[in-house]
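> Build the 3D model from these lines:
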Amino acid sequence: QVQLVESGGGLVQPGGSLRLSCAASGSIFSIIDMTWYRQAPGKQRELVAAITSGGVTNYADSVKGRFTISRDNAKNTGYLLMNSLNPEDTAVYYCNADGRFLGDSRMFSYWGQGTQVTVSS
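This is a model prediction of the structure:
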């Protein structure tokens, strides 16, 4: 089993910043991709940013230039630094990790529980 624990969400004023963390633990051999998604009330879940084990990144157009995804492979932890936040960024943010189990190297894909980000004055 693998557990993903997100943290760092909260209430922030427009123009402010937050850094989300996603810590993975359990029977992990390697994490291949880490991806952040978000879901606003009444909307579908959407991809925000993704990063491969080699550090290749991909961003939604709506967050390019404002958000930065990173990871610490030694700690099996991913991060999402969010700058210049605006009310449209309000959502529950989820991390997803795809990787391989320790031992038999089977593939896995797990989700975190989500962390609320609210941007409001």
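
> residues making contact with stretch 49-69?
For stretch 49-69, the external contacting residues (CB atoms under 8 Å, 6 or more residues apart in numbering) are 30-36, 46-48, 70-71, 73, 78-85, 88-89. No exception for glycine: its C-beta is placed from N, CA and C like everyone else's.

> Do you have the strands of the protein handy? List them.
With DSSP state E as the criterion, the chain has strands at 2-7, 10-12, 18-26, 28-39, 46-52, 57-59, 67-72, 77-82, 91-101, 107-111, 115-119.

> and these, which is most packed in?
strand 77-82 (a mean of 22; mean count of other CB atoms under 10 Å).

> and it, how far out from the chain's middle?
In this view, strand 77-82 has its centroid 6 Å away from the chain centroid, taken as CA atoms, centre = their mean, to the nearest Å.

> One more: stretch 84-101?
Taking CA atoms, centre = their mean, one finds stretch 84-101 lying 4 Å from the centre of the chain it belongs to.

> C-alpha coordinates for that stretch, PDB please?
Coordinates of each C-alpha in stretch 84-101 appear next as PDB, following Å, rounded to 0.1, in the frame of the first residue of the first chain:
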ATOM      1  CA  SER A  84      -0.200  35.400  -7.700                       C
ATOM      2  CA  LEU A  85      -3.200  33.400  -6.600                       C
ATOM      3  CA  ASN A  86      -6.600  34.700  -7.700                       C
ATOM      4  CA  PRO A  87     -10.200  33.600  -6.700                       C
ATOM      5  CA  GLU A  88     -10.400  31.400  -9.800                       C
ATOM      6  CA  ASP A  89      -7.700  29.200  -8.200                       C
ATOM      7  CA  THR A  90     -10.100  28.300  -5.400                       C
ATOM      8  CA  ALA A  91     -10.500  24.500  -5.300                       C
ATOM      9  CA  VAL A  92      -9.700  21.300  -3.600                       C
ATOM     10  CA  TYR A  93      -6.200  20.300  -4.800                       C
ATOM     11  CA  TYR A  94      -5.300  16.700  -5.100                       C
ATOM     12  CA  CYS A  95      -2.000  15.000  -5.800                       C
ATOM     13  CA  ASN A  96      -1.600  11.800  -7.700                       C
ATOM     14  CA  ALA A  97       1.400   9.500  -7.800                       C
ATOM     15  CA  ASP A  98       2.200   6.800 -10.300                       C
ATOM     16  CA  GLY A  99       5.000   4.500  -9.500                       C
ATOM     17  CA  ARG A 100       6.100   1.000  -8.700                       C
ATOM     18  CA  PHE A 101       5.800  -1.100  -5.600                       C
END
